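give me coordinates for this.
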Amino acid sequence: MPSQSTILLVLVAILVLGMAYVAFENFSKSNVESTRDAMKDEIASLTREALNYYNRPSHLGGGGFSFYKFNDVRRKKVNPRGRKPAKGETLWESENGVYTVVATAKDSLVVDGVGDCLGNDGKNPIWVRVSSKPTTPIFSS
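Have a look, this model is predicted:
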């Protein structure tokens, strides 16, 4: 028959492991949410840049009321890791993910962002999309 101290030691070990598991799960979820929020901020910045490009006359390096060549605009890549976008050409890359122009038209632009960390399901990466018109961006994630 096990002694009382052995039983107590086993119960304490189980309790500590359970608390460590709960802490790890909470940290993982907050990491996913903070990365998603950072990606939304970055994609909103790209959308503002696209709207400035749209409104700038073409003889000043803008689109002249068109999004068609927005992906040709040169911008500094932050912390490039050589990652490949899911589809389209890489628009911008940061420590949080890769942003890609998926579709352009005269009066609309769609940008996808694929994150580095996995989402809440633990299988698929974080994904953020913005569809932008000259007046209003529409986010989805």
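
in this protein, which strand is the longest?
Counting by DSSP state E, the longest strand found in the chain is strand 109-118.

helices or strands next to it in the packing?
Strand 109-118 is packed against helix 4-55, strand 97-104, strand 125-132, with contacts defined by 3 or more C-beta pairs under 8 Å, 6 or more residues apart in numbering; DSSP states H and E. Backbone N, C-alpha and C define where each C-beta goes, glycine included.

now those in a markdown table, with distance to Tyr68?
Below are these laid out as a markdown table (distance: least, C-beta to C-beta, whole Å):
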| stretch | distance to Tyr68 |
| --- | --- |
| helix 4-55 | 10 |
| strand 97-104 | 5 |
| strand 125-132 | 13 |
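
nearest to Asp116 among those would be which one?
strand 97-104 (5.8 Å; C-beta to C-beta).

what about the residue nearest to the spatial centre of the chain, distance to Gly97?
Geometric centre of the chain, nearest residue: Met39, 3.5 Å, by C-alpha atoms, centre = their mean. Look at Met39 and Gly97: by C-beta to C-beta, to the nearest Å, they are 5 Å apart.

for Asn71, same thing?
17 Å.

what about the two, which has more around it?
The neighbour count for Asn71 versus Gly97, taken as other C-beta atoms under 10 Å, is higher for Gly97 (26 against 17).

any low-confidence regions in the protein?
1, 27-29, 74-90, 136-141 (pLDDT under 70).

quickly list what's touching both of Met39 and Gly97.
Listed as contacting both Met39 and Gly97 by C-beta atoms under 8 Å, 6 or more residues apart in numbering are 113, 115, 126, 128.

for the third one, give me its contacts.
If you count contacts by C-beta under 8 Å, 6+ apart, Ile126 has them with 32, 35-36, 39, 97, 113-119, 141.

please repeat the previous calculation with a cut-off of 10 Å.
Ile126 makes contact with 32-33, 35-36, 38-39, 96-97, 113-120, 141, according to C-beta atoms under 10 Å, 6 or more residues apart in numbering.

mind giving me the PyMOL command for buried ones among these?
Burial among those is assessed by 16 or more other C-beta atoms under 10 Å; the matching PyMOL selection reads:
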select buried, resi 32+35+36+38+39+96+97+113+114+115
